[in-house]
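**Q** please work out how this folds:
(one chain, ligands or ions: 2)
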Amino acid sequence: MPQPPPAIQSLDLAEIEAVLAERGQPKYRATQVARWLYDKRATGFAGMTDLPAALRSNLAEAFAFVRLENLRVLGSSDTTRKYLFRLPPVREGAEGALIESVLIPASPALYGEASDRRTICMSTQVGCAYGCKFCASGLDGFSRNLTAAEIVGQFIEVERLSGEKINNIVFMGMGEPLANFANLMRAVDILNSPWGIGLGARHITISTSGLAPQIRELADQPRQIRLAISLHGATDAVRDQIMPVNRKYPLAELLDACAYFAGRKKQRLTFEYILIEGVNDSPANAADLVRLARRVGAKVNCIPYNNVEGLDWKRPDEARQDAFMAVLETARIPATIRREKGHDIAAACGQLRRQTMAQAPAAPAAAPAA
Ligand code: SAH
Ligand code: SF4
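**A** Ligands and ions are numbered 1, 2, ... in the order given. Below is the predicted model of the structure:
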C-alpha cells in the first residue's frame, strides 16, 4: 500500500528553502510558506494565495498537509478542556490513530509561577512502550511516534478550537517524549523559532520517565527548554515497583544525568511526584525525596494520583498529602501540590482515548461534540 508523502509541516525553514530552491524559487518564498503555516494558519496549499498557482499545486502533489481531526471536546471554557484528535492514517485505507491534548487554564500551582498562563499538554506518541504501572497511556502498548507535524498540529488545532492564545507547552500527554527524540526536537524547533510559532524555550517543558542518555543529549542542545522528571519514587525499590524504566536506568544513573542537565543548562529542574496511597506517600518516602531533590537542586511538583479505570492504585486522603508536603516544606525544598482540575473529564493522560476506543472500537469519524 502506498505511504503518504511527508508533511510540509514537519520541515524546518532550511528544508523548506531547499524544497523551493529545487523548484527554482527564490529564498523569500520559504518565509512566505512558513508565514502561511504558522502565522496565518492556512488549512491547505490552495489558500496560500501569494504563491504562484503552479507552485501551490506542485507542493500539494509532493507534500501532505497534515490536519488533525477533532472528535470530541470535554470540559468548559473556565476549566481544563480535553481534546480528542484523530491523526491522518499512516497508510491509505487504514484508520487514523487517536491522541489527546489538554488545555489547562491559569493555575498558580502549575510550575510555580503565578500568572495568566494557558498551558497545553501535548502527546508525542500513540500509546507508550514504557508501561508505568499507574498510567493509562501505556495500558494498550505502543503504536507509533508522532511526526513533528502532528505534534505542532495539536498546538495549532487547540488554539483554533478554543479561540485562545496558548503561552505554555508541557509534553505530558500520551507517550514518552524522549523516546521520540528526533521528531520532538523538530517540533520544538518549529514551536520555538521566530519563523514558526515563536514561543519562548523557557515556556516549553519536556517530561520524561527517566531516559538518562536522552536527558544528556537534551542537555547538549542549545535551547533553554525546561525539563521535568517523572520521579514518583525516591528509592530504586519504590521506582522498580511502579516504573519498569528504572531497571534500565536506575536512580543513580538518572540522577547523574539530571545533575549533568542542571549544570549544563544552569537550570533548576522539576521532579514530578504522583502521590499513590501506600506506595510512595509516607513521611519516610518524603525524606528520601528531599535527599534527591537536594542533590540536583530540583523543585518538586506533587500530584495526587488520578484514579484510572481498571487500575487499583488510589490517591491518598488530604491529611496524608499534607503530611507529605510538610516534610518537604520543613526541609525547605521548593514544592507545590497540584490539585487536579480535570478529574471529572478523565484528566490523566490516555484515559479519554481509552474510553472512546472502548465505546466504539472501529468507529468511523464521529461528529465533533463541542
Ligand atoms: N511519558 C512522560 C510524559 C507523559 S506522562 C513521563 O512519564 O513523564 C505525564 C505525567 O503524568 C507523568 O508525570 C506521569 O507519571 C503522570 N501520570 C500518569 N498517569 C497518571 C495518573 N493516573 N495520575 C496522575 N498523574 C499521572
Ligand atoms: Fe509512558 Fe509516561 Fe505513562 Fe510511563 S507515565 S507509561 S512513560 S506516558
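**Q** in stretch 25-39, what's buried?
**A** Of all the residues in stretch 25-39, those buried under the rule 16 or more other C-beta atoms under 10 Å are 25, 29-30, 32-34, 36-38. (C-beta placed from N, C-alpha, C; glycine too.)
**Q** in JSON lines, list the residues you listed along with secondary structure, pLDDT and distance to Leu251.
**A** JSON lines is the format used below for the buried residues of stretch 25-39 (DSSP: H, G, I helix; E, B strand; the rest coil; pLDDT from 0 to 100; distance: C-beta to C-beta, whole Å):
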{"residue": "Gln25", "secondary structure": "coil", "pLDDT": "97", "distance to Leu251": "53"}
{"residue": "Arg29", "secondary structure": "helix", "pLDDT": "97", "distance to Leu251": "51"}
{"residue": "Ala30", "secondary structure": "helix", "pLDDT": "98", "distance to Leu251": "46"}
{"residue": "Gln32", "secondary structure": "helix", "pLDDT": "98", "distance to Leu251": "50"}
{"residue": "Val33", "secondary structure": "helix", "pLDDT": "98", "distance to Leu251": "46"}
{"residue": "Ala34", "secondary structure": "helix", "pLDDT": "98", "distance to Leu251": "43"}
{"residue": "Trp36", "secondary structure": "helix", "pLDDT": "98", "distance to Leu251": "47"}
{"residue": "Leu37", "secondary structure": "helix", "pLDDT": "98", "distance to Leu251": "42"}
{"residue": "Tyr38", "secondary structure": "helix", "pLDDT": "98", "distance to Leu251": "40"}
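**Q** closest to ligand 1 among the residues you listed?
**A** Taking C-beta to the nearest ligand atom as the measure, Tyr38 is the one of these closest to ligand 1, at 24.7 Å.
**Q** leaving out sequence neighbours, find the closest residue to the closest one.
**A** The spatial neighbour of Tyr38 that comes closest, neighbours along the chain excluded (C-beta to C-beta, 6 or more residues apart in numbering), is Gly196 at 4.9 Å.
**Q** what about that neighbour, how many residues nearby?
**A** Gly196 is flanked by 20 other residues according to other C-beta atoms under 10 Å.
**Q** can you get me a residue count around Ala237?
**A** With neighbours defined by other C-beta under 10 Å, the count for Ala237 comes to 11.
**Q** am I right that it sits in a helix?
**A** Yes - the assignment for Ala237 is a helix, going by DSSP: H, G, I helix; E, B strand; the rest coil.
**Q** list the contacts of it.
**A** By C-beta atoms under 8 Å, 6 or more residues apart in numbering, the contact list for Ala237 is empty.
**Q** swap in Leu59?
**A** The neighbours of Leu59, taking C-beta under 8 Å, 6+ apart as the test, are 8, 19, 33, 45, 51.
**Q** can you tell me which two in the buried residues of stretch 25-39 are farthest apart?
**A** Taking every pair in these and measuring C-beta to C-beta, the maximum separation is 18.8 Å, between Gln25 and Tyr38.
**Q** which parts of the chain sit against ligand 1?
**A** On the criterion C-beta under 6 Å from any ligand atom, ligand 1 has as its neighbours in the chain the residues 134-135, 172, 176, 207-209, 230, 232, 272, 274, 303, 305-306, 308, 348-349.
**Q** among those residues, which lie within strands?
**A** If you go by DSSP state E, these have 207-208, 230, 272, 274, 303 in strands.
**Q** centre of the chain versus stretch 155-173, how much separation?
**A** When C-alpha coordinates are averaged (C-alpha atoms, centre = their mean, to the nearest Å), stretch 155-173 and its chain have centres 11 Å apart.
**Q** contact partners of that stretch?
**A** Residues from elsewhere that reach stretch 155-173, judged by C-beta under 8 Å, 6+ apart: 38, 41, 67-68, 70, 73, 77, 81, 83, 85, 99-103, 111, 117-124, 137, 154, 177, 184, 191, 197, 199, 203-207, 228, 349, 370.
**Q** Gly163 - how many residues pack around it?
**A** Neighbour count of Gly163, defined by other C-beta under 10 Å: 7.
**Q** look up how far ligand 2 lies from it.
**A** Taken as C-beta to the nearest ligand atom, to the nearest Å, the spacing of Gly163 relative to ligand 2 amounts to 29 Å.
**Q** could you report the neighbour count for the residue in the stretch 201-350 of the chain positioned nearest to ligand 2?
**A** Taking C-beta to the nearest ligand atom as the measure, the point where the stretch 201-350 of the chain comes nearest ligand 2 is Ser209, at 3.6 Å. Residues within reach of Ser209, counting by other C-beta under 10 Å, total 26.
**Q** list the contacts of it.
**A** Listed by C-beta under 8 Å, 6+ apart, the contact set of Ser209 reads 130, 132, 176, 230, 243, 245.
**Q** a markdown table for the residues you listed, including neighbour count and pLDDT?
**A** Conversion of these to a markdown table gives the following (neighbours: other C-beta atoms under 10 Å; pLDDT from 0 to 100):
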| residue | neighbour count | pLDDT |
| --- | --- | --- |
| Tyr130 | 22 | 97 |
| Cys132 | 21 | 96 |
| Glu176 | 27 | 97 |
| Ser230 | 23 | 97 |
| Met243 | 23 | 98 |
| Val245 | 22 | 98 |
